[in-house]
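In: this is a predicted model, with the sequence first.
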Amino acid sequence: EAQVTQNPRYLITVTGKKLTVTCSQNMNHEYMSWYRQDPGLGLRQIYYSMNVEVTDKGDVPEGYKVSRKEKRNFPLILESPSPNQTSLYFCASSTGNEQFFGPGTRLTVL
Amino acid sequence: AQSVAQPEDQVNVAEGNPLTVKCTYSVSGNPYLFWYVQYPNRGLQFLLKYITGDNLVKGSYGFEAEFNKSQTSFHLKKPSALVSDSALYFCAVRDESGGYNKLIFGAGTRLAVHP
């Protein structure tokens, strides 16, 4: 089944404790993105990747890192999480005209 | 700057009645427009898209959307609403500067269909 998977689905952590949210797609898509969803703001792009080893900032990249060492994986790294990064995070992969979204990761930073 | 506006936070409709969820956009070139739906505790699901061609686009679950260039709108419609249509709906436009990997989303409209 074609899908985008994310782990974990739920995470509660404390300020400053490094964390990684994994994302994997099995559709051989070159393009992958991370978004965060906040009430009243819709989804905003954090980072995107056009191919292996090619990444670039989206609209809200501060406090986040990404890597793309393999085509299928695109992890999101929070080196020192802060409470303002409490949000719902979505990974997506793209054919070009359509984006396929993962199930989301709900992150709470205390 | 490109943007998408969904003027209604929530839309309430009775089951069996037609529904409309509004979306307006602002782009400098030709718009690539999308509608996504988010059910509780789920990711976003693609409903439909407009790239070129007919102004009336048909999508999943009986939804359709009408592209209106003069009004810069892309309203989502369904002739007969179901309770199971209750969800959060997002309109999005492809960012021309970021390539097709980036979508700019509206704030979302919550659709509540009452029995």
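Out: Structure received.
In: return the residues of chain B in contact with chain A.
Out: Residues of chain B lying near chain A by CB under 8 Å from any CB of the partner chain: B:4, B:9, B:32, B:34, B:36, B:41-46, B:49, B:51, B:90, B:92, B:98-103, B:105-108. Backbone N, C-alpha and C define where each C-beta goes, glycine included.
In: among those, name the ones in strands.
Out: B:4, B:34, B:36, B:44-46, B:49, B:90, B:92, B:103, B:105 (DSSP state E).
In: which residues does the closest residue to chain B within chain A contact?
Out: At 3.7 Å from chain B, A:G42 is the closest residue in chain A, using CB to the nearest CB. Shown in contact with A:G42 (CB atoms under 8 Å, 6 or more residues apart in numbering or on different chains): B:4, B:90, B:105-108.
In: which residues are in contact with the nearest residue to A:K71 once chain neighbours are set aside?
Out: Leaving out its chain neighbours, the residue that sits closest to A:K71 by CB to CB, 6 or more residues apart in numbering or on different chains is A:V52, at 5.5 Å. A:V52 is in contact with A:68-71, counting by CB under 8 Å, 6+ apart.
In: and A:V52, how far from A:Y31?
Out: From A:V52 across to A:Y31, the span is 11 Å (CB to CB, to the nearest Å).
In: again with B:S3
Out: 22 Å.
In: output the contacting helices and strands for the strand or helix carrying A:T22.
Out: In this assignment (DSSP states H and E), A:T22 forms part of strand A:19-25. Counting contacts by 3 or more CB pairs under 8 Å, 6 or more residues apart in numbering or on different chains; DSSP states H and E, strand A:19-25 packs against strand A:4-7, strand A:10-13, strand A:31-38, strand A:76-78, strand A:87-94, strand A:105-109.
In: same list (those) but as CSV, adding mean neighbour count and distance to chain B.
Out: CSV is the format used below for the helices and strands packed on strand A:19-25 (neighbours: other CB atoms under 10 Å in any protein chain shown; distance: least, CB to the nearest CB, whole Å):
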stretch, mean neighbour count, distance to chain B
strand A:4-7, 18, 8
strand A:10-13, 13, 10
strand A:31-38, 24, 4
strand A:76-78, 19, 15
strand A:87-94, 24, 5
strand A:105-109, 19, 9
